[in-house]
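# I would like to see how this sequence folds:
(chains A and B)
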2 protein chains.
Amino acid sequence: MTDNKRLATASEEALWRIFTVPEAPDSTLSIIEQNISQNLAGFLRESIVAVEKPLWQIERDFQAYQIPAEPSFVSDYAENIMEKLVAHSVHTAAPSFIGHMTSALPYFVLPLSKMMVGLNQNLVKIETSKAFTPLERQVLGMMHHLVYGESEGFYKKWQHSANHSLGAFCSGGTVANMTALWIARNRLLKPDGDFKGVAKEGLFRAMRHYGYDDLAILVSERGHYSLKKAADILGIGRDMLIPIPTDADNKVDVAKMREKALELQARHIRVMAIVGVAGTTETGNVDPLADLAALATELQCHFHVDAAWGGATLLSESYRYLLKGIELADSVTIDAHKQMYVPMGAGMVVFKHPSSAHAIEHHAEYILRKGSKDLGSQTLEGSRPGMAMLVHACLQVIGRKGYEILINRSLEKARYFAGLIDLHADFELVTAPELCLLTYRYVPASVQQAMQKAKAAGDLERLKKFNDLLSGLTKFIQKRQREEGKSFVSRTRLTPARYHRQDTVVFRIVLANPLTTDQILHDVLDEQVELAKMDKEFLPKLLQLARDY
Amino acid sequence: MTDNKRLATASEEALWRIFTVPEAPDSTLSIIEQNISQNLAGFLRESIVAVEKPLWQIERDFQAYQIPAEPSFVSDYAENIMEKLVAHSVHTAAPSFIGHMTSALPYFVLPLSKMMVGLNQNLVKIETSKAFTPLERQVLGMMHHLVYGESEGFYKKWQHSANHSLGAFCSGGTVANMTALWIARNRLLKPDGDFKGVAKEGLFRAMRHYGYDDLAILVSERGHYSLKKAADILGIGRDMLIPIPTDADNKVDVAKMREKALELQARHIRVMAIVGVAGTTETGNVDPLADLAALATELQCHFHVDAAWGGATLLSESYRYLLKGIELADSVTIDAHKQMYVPMGAGMVVFKHPSSAHAIEHHAEYILRKGSKDLGSQTLEGSRPGMAMLVHACLQVIGRKGYEILINRSLEKARYFAGLIDLHADFELVTAPELCLLTYRYVPASVQQAMQKAKAAGDLERLKKFNDLLSGLTKFIQKRQREEGKSFVSRTRLTPARYHRQDTVVFRIVLANPLTTDQILHDVLDEQVELAKMDKEFLPKLLQLARDY
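Sure, this is the predicted structure:
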């Protein structure tokens, strides 16, 4: 950059221009934007390099630690960012990238996002959001209705009621879960006589007042790690988020949860909340929600459902029965940026009772005055962008009938893929898809036979040897497939009952991208078979071990 | 909408199209988008109606509580949203809207936002963010350097170090403040012998282990309300966020804070953190940060600075001295969506020590594996969008020299406006601008004279009568001005020392919009003079009271 150019940009005049004069239509950034508008899929495909560059190489371009003194031209910046950032980002929308919970976006959310950014509303208070607040309240009402299906009178009364809220918009599921458990804690340790409540007096005084030795939150061992964070920040302690074993289907064992709860009670430990998972992150299974609700009633504790990922299934009339009992929850987390095809940053929690959030309400003089309809008085976050608009847009444009098709197709695609795996001699389905998520691994047929034999003989030690080698192989294939850049599956570690609770690394697949075709699923398996052959460490040992047995 | 249209949209084919085929260039939404691109200011000016519609009228358009069964055409939706939502949103970028902390945006952030949304990265883990993670780490490094100015070696060592972080991106200042105080709490109540630390065992056991009766956080009475939320969620209790009086300049009285701290210590109450405010929300003043740092050292507690709004002043070489001592803080909150001209949703907290966030670190099997560079293991939030890109863009394109001009201009404009108010016979400057925020009120000259007389006579009762009437008048003017839609100033309630700590409602002005001209400032005052005349309740009484005295 010449000195001349620098001066041009660092002047008052140049600064005025970046706030008033848009990019010329033929500028680099405008051309990039036109490409995005005209063909997002093409833009992503062409801009993101397929073959993975190692992270340490990428990092070389992000070493500077001083804010540059000199301004840059927007077009220089745009070129730079295309090469250094965009080229090495992740193609989350690719139909063959079936390892993430994010997928393709409908086109209309892009121009609407731009409008949202341009309007730059702040949803913390009416003064900086105006119509966005009623809109946000409406979206929360619609999501509340999706979960709880209350009467028209209910929504007429509460949807726009000052000092009430049917839910909260959050940056994501983590904040949504925290919000729900914060409410649970504050409602349990509420004001009582001279005691002003945990919100005002803190947890130490609250525990002494109520005479508990500890608080506990019970959840399936498959619960999301954000619940641990919530237990930490709320002062409950991570160790008091008690993981309860799951059955063979990765659903929490409610009898065991009840047993644990009674044991805790006997030790003066108050069960503050139980959490049901509706779509576990690792296997996609749904806990028996109605049974959990009954247990919560018995224990007189808060019942929260983490449906961050699975909640969108409620949009399908055909499959919403899978989440039966969710309507009994006191609070439910749903992320619109997962299966609702909204861009990142659209978490929500809905509350059964419109006054739930009173337990965390706060006011301030210059904003959030009492009696105003600001939703910011009942949220964990303060300033928030108008993401509700994008959820609103998807709900209206796609509609329930559209979502019905999308959700059903995802679930059916997962069943189809599970069938492919089952039929393939060299793959093993580890967890079948209840929603649109499944796990599996590559196990050569001869190894499968040898393992059957070892299993029949009760030779757990040998099974463990196989399992460990298979885990190594799975990791190899997953990593290599990611690096090749044609397709992506994720991986996780499970301890399935059918593998004697032995550590088992598996491929993890989420089939929510409407653009993923059957052919792609076939190709993913074919590629994995080929990649397996490239492994010189685990596969030879596995085959040897199978032969020797 | 005809049945025919509905069917067209609810088909598989139509759904496929919304994920693959962009809007036609002549569609309603495309045309709207082109307007935004070509002339954002014009789009906002023309789309947002000037005269305010009452909220209850706006709400009528957001009554439906059922997700519509039928899909909508994107163009129908776009038209609808322009009329029902955009028209009644807040023109936060208007040069005459000088009551908010958000202002105009540089044009290039709009296409970049769209790119960010299209890429749909999730910053929680490398697997879904790739180059966005090094970029986010770089931005945090740059902000760290802006605050702490460590050596090159420091940043080489830590900026990209796995399991370390120089800060955290947050949805906003509230989450940033919570993150900082969460770290403070967990570091104070750390593992010790058999005690596994507050993170694992919870606050009740921690307090018993360490033998404290309570924890306290000390902050100026002008501290942001988010700190109260933090005290609540962390289990400290809102009552233990102890407000310390400020001096005549709205800066915290450090001697009084020290006194309070010693008193608390004597009562076995552990001061967990003291918080300095660098730019109070209501008056824009900066606490004596170096003195607070010394006090924190004496008390051996965490020193956090909430510079959510004022932190950007560090970008001005001419004025950064106003925040002297900030480099001594253990953690600092800065919102890029306030004075750094980034859209809503870009909060940050930076940590003096790269290992600070270890106190809140967490891992999970399928993501955030130990040793990986995922920043999500050290943040309060989970899934997060790539907002760091927009901060990165502004830092590069505007550069320090550009920000220098912008920040200086804002501060100087505030001084200019303060001068206008001082010179005007019918206005009274309540708090002078230390940064670019000031408060004032309309007080007719005759009332000013009468109040001087009452003051000289020590007639506090009469002064209170004047003050209360003036507060009513200020509210009237502020509300009326907002409704008229030409300009917007906010209001708050103060208890200024010079008004004998009597409740005083004031106009509050933030002068960060580069497009606000001197003429606009003159016009705002002229409009207020005119609006005051329309008040039939307070003004006549005020004038009468002044005449009678």
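# quick one: low-confidence parts of the stretch 351-500 of chain A?
Scanning the stretch 351-500 of chain A for pLDDT under 70 picks out the ranges A:363-371.
# now do the helix or strand containing residue A:526: everything it contacts.
Residue A:526 is part of helix A:518-534, with elements assigned from DSSP states H and E. Residues outside helix A:518-534 that contact it (CB atoms under 8 Å, 6 or more residues apart in numbering or on different chains): A:95-96, A:98, A:413, A:416-417, A:420-421, A:424, A:426-427, A:442, A:444, A:473, A:476-477, A:480-481, A:484, A:486-487, A:489, A:507, A:539. Every residue, glycine included, has its C-beta placed from N, CA and C.
# just the buried ones out of those residues, please.
The neighbour count (16 or more other CB atoms under 10 Å in any protein chain shown) marks A:95-96, A:98, A:413, A:417, A:420-421, A:424, A:426-427, A:442, A:444, A:473, A:476-477, A:480-481, A:487, A:489, A:507, A:539 as buried among these.
# burial check on the residue in the stretch 401-549 of chain A positioned nearest to chain B, number of neighbours?
With CB to the nearest CB, the shortest gap between the stretch 401-549 of chain A and chain B falls at residue A:492, namely 3.7 Å. Neighbour count of residue A:492, defined by other CB atoms under 10 Å in any protein chain shown: 20.
# okay, strands next: where are they in chain A?
Applying DSSP state E to chain A gives strands spanning A:167-170, A:214-220, A:241-244, A:269-277, A:302-306, A:331-335, A:347-351, A:427-431, A:437-442, A:490-494, A:504-510.
# closest to residue B:402 out of the ones you listed?
Among those, strand A:167-170 comes nearest to residue B:402, with 33.3 Å by CB to CB.
# what lines up beside the closest one in the sheet?
Paired neighbours of strand A:167-170 in the sheet (DSSP bridges): strand A:347-351 (antiparallel).
# what's the angle from the partner strand to strand A:302-306?
Angle of strand A:347-351 versus strand A:302-306, following axes from the mean of the first three to the mean of the last three CA atoms, to 10 degrees, is 150 degrees.
# gap between strand A:347-351 and the chain center?
13 Å (CA atoms, centre = their mean, to the nearest Å).
# pretty sure residue A:92 contacts residue B:120?
Yes - at 5.1 Å, residue A:92 counts as touching residue B:120 under the criterion of CB atoms under 8 Å.
# pLDDT score assigned to residue A:5?
If you check residue A:5, the pLDDT there is 48.
# cool, residue A:41 as well?
Reported pLDDT for residue A:41: 89.
# how close does it sit to chain B?
Here the distance between residue A:41 and chain B works out to 6 Å (CB to the nearest CB, to the nearest Å).
# repeat for residue A:254
Going from residue A:254 to chain B by CB to the nearest CB gives 24 Å.
# where does that residue land on pLDDT?
Per-residue confidence (pLDDT) for residue A:254: 98.
# and the gap between the spatially closest residue to it that is not a sequence neighbour and chain B?
Spatially, and ignoring its direct neighbours in sequence, residue A:254 is nearest to residue A:291 (4.4 Å; CB to CB, 6 or more residues apart in numbering or on different chains). Separation of residue A:291 from chain B (CB to the nearest CB) stands at 26 Å.
# quick check: end-to-end length of stretch A:112-126?
Distance across stretch A:112-126, first residue to last, is 21 Å (CA to CA, to the nearest Å).
# for the top helix by length along chain A, buried residues please.
For chain A, the helix with the greatest residue count under DSSP state H is helix A:388-423. Within helix A:388-423, the residues scored as buried using 16+ other CB under 10 Å are A:388-411, A:413-414, A:417-418, A:420-421.
# and the stretch 351-500 of chain A, which of its residues are near chain B?
Residues of the stretch 351-500 of chain A lying close to chain B by CB under 8 Å from any CB of the partner chain are A:360, A:362-366, A:368, A:373, A:380-386, A:389, A:392-393, A:395-403, A:405-406, A:409, A:482, A:490-493.
# same thing but 7 Å
The stretch 351-500 of chain A has residues A:360, A:362, A:364-366, A:373, A:381-385, A:389, A:393, A:395-402, A:405-406, A:490, A:492-493 near chain B, with proximity defined as CB under 7 Å from any CB of the partner chain.
# now swap in the stretch 201-350 of chain A and tell me
Checking the stretch 201-350 of chain A against chain B by CB under 7 Å from any CB, the hits are A:201-204, A:207, A:214, A:225-226, A:228-229, A:232-240, A:281-282, A:337, A:343-345.
# do you know how far residue A:303 is from residue A:287?
The gap separating residue A:303 from residue A:287 is 11 Å, by CB to CB, to the nearest Å.
# between those two, who's got more neighbours?
More neighbours surround residue A:287 than the other of residue A:303 and residue A:287, with 31 against 26 (other CB under 10 Å).
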